[in-house]
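>>> following is a predicted model, sequence given first.
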Amino acid sequence: MSTHQAATLLEKGTPLEITERQTPTLGPNELLIEVHAAALNPVDHFQRDLGMFVREFPAILGSDVSGIVAKAGSDVRPDTPKPGTRVTAFASSWFNGKADYGALQKYVIVSEDIVSVLPDSYSFVEGSVFPMAALTSWCGWLWAGISPSSPPSQKEGVFVWGASSSMGTFAVQEAKLMGYTVYATAGAQHHEYIKGLGAARVFDYKNEDILGQMVNSAKEDGITVRAGYLATGDQQLAIDVLAALSGGEKAKLAVAPILKKDLTLPEGIEAAFVSHPEDPVELKGRIRWVFRDWLEARLAAKELVASPHIKVVKGGLAAVNWALDELKGGVSCSKLVVEL
C-alpha cells in the first residue's frame, strides 16, 4: 500500500509533526484528492493548541484544499469530477473525526458532494481559499433569510461586519451577486479593496459613531437592512446597528464566531451562531448545493475573487506550525496558504 506525508497532531497542545501515513482506500461515494494547496483558518490553531472539536488522535487538521482528483469511488454520480480533474474541496474531519479526511496531507478523502471543479482561470493557491468560506457564509445567509431563490428589491441591503476576513470577503461577494446593496465594516486601509469585491459603502469599525454613520447612509440610499453577517468583531455593536437599520422590523444577524452569552437582543432581533444543518439529509443537500451547484457555477463564470489577499507560506507542510502561529498572532485581510 502506498504512503504519503501529512502534518499530524499527535496530541493536543503540541506542534504538528511530519509523518508518513497510509494512503487510504476510498468508500463508494468518495474521491481521493492529490492536494496541491491548502489554506489555513483560525479554527486550525485552536484545534492544535486546545484540541477543540478533535475526536481522536493522531489527527489531521485543516479544511480547505485544491488539487487533482486522483481516484473516484465505485459508486460516484455520473456528474462527479473524474480522475485528473482540477478541484477545490472542503476536506475536513469535522463531520466524522477521521484523520483520512483532514486537509493537511498530500492525499485526502472527500465526499463527492463537497468538491467543485476548479477552472484553469484560478491557480491551485487561489482555489484553496474558497471551501470553508463558501460553506460557512452560505449557512449564515440562508439562516438569515438571504437566498438566490428570493432576489431582493432595489431598496434592500445587508451588512457584513468584519468584511476583511476570509468569511467576510466571501459574504460580501455572495450578497453582491444576489443583488443586495452591501454595507461592510473593515479597517480604513482595506476599504477600497472591500469596495472592489462589491460593497457599496465601507465603514471603519473603530469610528465611535459608526452606528450613526451607517443609519444616516441607509437613509441617504433609501435602503432597509434586515439581515447581517458577522465574520468577526464586536457582536453587541453589530446587533445594535442591525436594530437601528431595521427600523423596528424583525431582523437576523448570523454570527461566525461562537455567540457570546451576555448579548442584549432588542425586540425583533435574532442572532445565532452560523452552523450547518443537523439533519443528515438536509446537510447533504446543503453541501451539494453550495459546492456542486452554486460555487462551481460561479467559478466557471469567473464571478468570484480569491480573497482576502493571499500569502503563500514557503516550506510546504513543514511550515504549517509557523503559519498557524502567525495566524494565531493575528492577520488582517490576509489568507495564509501552503503549497504541497
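Sure, I can see it. Residues are numbered from 1 along each chain as shown.
>>> now do the end-to-end distance for stretch 246-262.
One end of stretch 246-262 to the other measures 22 Å (C-alpha to C-alpha, to the nearest Å).
>>> now do it, average pLDDT.
Model confidence over stretch 246-262 averages 92 on the pLDDT scale.
>>> now the spatially most central residue of the chain: how far from M167?
Using C-alpha atoms, centre = their mean, the residue of the chain that lies closest to the mean C-alpha position is A133, 1.4 Å off. Here the criterion is C-beta to C-beta, to the nearest Å. By it, A133 lies 5 Å from M167. Backbone N, C-alpha and C define where each C-beta goes, glycine included.
>>> and A251, how many residues sit next to it?
24 (other C-beta atoms under 10 Å).
>>> contact partners for it?
Contact partners of A251, counting by C-beta atoms under 8 Å, 6 or more residues apart in numbering, are V225, R226, A227, G228, L242, A243, L245, G268, I269, E270.
>>> show me what it is bridged to.
When assigned by DSSP bridges, A251 has beta-bridge partners I269.
>>> ok, back up a step: once you drop chain neighbours, what's closest to the residue nearest to the centre of the chain?
Distances taken as C-beta to C-beta, 6 or more residues apart in numbering put F170 closest to A133, at 3.8 Å, once the chain neighbours are dropped.
>>> what is the mean pLDDT for the helix or strand hosting that neighbour?
Secondary-structure assignment from DSSP states H and E places F170 in helix 166-178. Looking at helix 166-178 alone, the average pLDDT works out to 96.
>>> buried ones in that helix, by neighbour count?
For helix 166-178, the buried set under the neighbour-count rule, 16 or more other C-beta atoms under 10 Å, comprises S166, M167, G168, T169, F170, A171, V172, Q173, E174, A175, K176, M178.
>>> and for stretch 310-317?
For stretch 310-317, by 16+ other C-beta under 10 Å, it's I310, V313, L317.
>>> output those residues as JSON lines; include the columns secondary structure, pLDDT and distance to A59.
Below are these laid out as JSON lines (DSSP: H, G, I helix; E, B strand; the rest coil; pLDDT from 0 to 100; distance: C-beta to C-beta, whole Å):
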{"residue": "I310", "secondary structure": "strand", "pLDDT": "97", "distance to A59": "26"}
{"residue": "V313", "secondary structure": "strand", "pLDDT": "95", "distance to A59": "20"}
{"residue": "L317", "secondary structure": "helix", "pLDDT": "97", "distance to A59": "15"}
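>>> helices along the stretch 201-340 of the chain, start to end?
Ranges of helices in the stretch 201-340 of the chain, per DSSP state H, counting those that start in this stretch, are 210-221, 235-246, 280-288, 296-300, 320-329.
>>> I'd like these written out as a markdown table, with distance to S123 and mean neighbour count added.
Listed next are the helices of the stretch 201-340 of the chain as a markdown table, based on distance: least, C-beta to C-beta, whole Å; neighbours: other C-beta atoms under 10 Å:
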| stretch | distance to S123 | mean neighbour count |
| --- | --- | --- |
| helix 210-221 | 36 | 15 |
| helix 235-246 | 34 | 21 |
| helix 280-288 | 24 | 14 |
| helix 296-300 | 12 | 17 |
| helix 320-329 | 18 | 18 |
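>>> mind listing what V65 touches?
Applying C-beta under 8 Å, 6+ apart to V65 gives the contacts 33, 35-39, 88-89, 91, 103, 108, 128, 131.
>>> count of residues packed around the closest residue to R292 other than its chain neighbours?
In space, and not counting its chain neighbours, R292 is closest to D113: 6.3 Å by C-beta to C-beta, 6+ apart. D113 has 22 neighbouring residues, counting by other C-beta under 10 Å.
>>> hmm, R286 and D113 touching each other?
No: checked against C-beta atoms under 8 Å, the pair D113 and R286 is beyond contact range at 9.6 Å.
>>> surely D120 is in contact with R86?
Yes: at 7.2 Å, D120 counts as touching R86 under the criterion of C-beta under 8 Å.
>>> of these two, which one has the most company?
Each of D120 and R86 has its neighbours counted (other C-beta under 10 Å); R86 has more, 19 against 6.
>>> show the low-confidence segments of this protein, by residue range.
Across the chain, the stretches falling below the confidence threshold (pLDDT under 70) are 1.
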